[in-house]
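K.L.:
when you get a sec, could you give me coordinates for this:
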Amino acid sequence: MSFGDTCGDPAPSRRTGQGSVAWSSWLRAFVARARGVGFLLRSLFQARSEVGGIEIRGRQAFCDQVAAALRLLRTEVPEAFALCQRHFDLVIMSRHSGVDVGMRPAIVMLGEPASTVSMAYLASDLAHEAMHCSLYRSYSDRDPDRDVPAAIYSGEDAERQCLEYQISVLKQLGETDADASRLRDLMKTKWWNVPWHERTW
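P.N.:
Predicted coordinates:
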């Protein structure tokens, strides 16, 4: 999800009588995003690591885990590592996970739980985020005078493409068909509809 997206509900209408509810919802979203941005800024002053030109910022355990995942991609699935290098140069430990595809190169934000998953899963997740960037950039490069519609890089169809790419990377890293099935089952949760500031991953 791009930081350029709007946060919260639209400005309340005074005619509906629900102004205070809408403002309250907007305020909660604003505060949550501000906390998330604060978390991002703090990560810039924590540990640092680098793999193949991709910088990693956050707590030391996070940096070590992400660096190991990138090295695994570089060794075992070099085309996925190349996709990551092409599309992002910074991975930051964040309160919530997502990717700012509008930046060039993009910034990948990973929630703290990223440092607790398997190395193969984390590596495939980085490839997943690179695929979002690839979808965005492919459209943008074809038609630089138009804004990229969100459906190109986000939403159900885009998530399905990114998830299938993630599964192909996982299989190349030795994961089983059962792991692939579990990932495909995640599509039922429609996680892409959860606003960035409300994510718990």
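
K.L.:
who does the spatially most central residue of the chain bridge with?
P.N.:
The centre of the chain sits closest to G98, judged by CA atoms, centre = their mean, with a distance of 2.4 Å. Beta-bridge pairing of G98 under DSSP bridges involves M109.

K.L.:
and the gap between V66 and D157?
P.N.:
V66 is 28 Å from D157, where distance means CB to CB, to the nearest Å. Just so you know, the C-beta spots here come from the backbone N, C-alpha and C atoms, and that holds for glycine as well.

K.L.:
neighbour count: these two, which is higher?
P.N.:
V66 (27 against 12; other CB atoms under 10 Å).

K.L.:
pull out the buried residues from the strand or helix carrying that one.
P.N.:
For V66, the enclosing helix or strand under DSSP states H and E is helix 60-76. Neighbour-count burial for helix 60-76 flags F62, C63, Q65, V66, A67, A69, L70, L72, L73, R74 (criterion: 16 or more other CB atoms under 10 Å).

K.L.:
which of the residues you listed sits closest to V91?
P.N.:
Lowest distance from V91 to the buried residues of helix 60-76 (CB to CB) belongs to V66, with 5.4 Å.

K.L.:
tell me which element the nearest residue to the closest one once chain neighbours are set aside falls in.
P.N.:
Nearest-residue entry for V66: I56, 4.7 Å, with adjacent residues in sequence omitted and distances by CB to CB, 6 or more residues apart in numbering. Here I56, judged by DSSP H and E, is contained in strand 54-58.

K.L.:
buried ones in that strand?
P.N.:
Of all the residues in strand 54-58, those buried under the rule 16+ other CB under 10 Å are I54, I56, R57, G58.

K.L.:
so which residues of the protein form strands?
P.N.:
47-51, 54-58, 88-94, 98-100, 106-111 (DSSP state E).

K.L.:
which stretches of the chain aren't confidently modelled?
P.N.:
1-44, 191, 194-201 (pLDDT under 70).

K.L.:
can you pull out the helices in this protein?
P.N.:
19-43, 60-76, 78-87, 119-142, 150-153, 156-172, 177-185 (DSSP state H).
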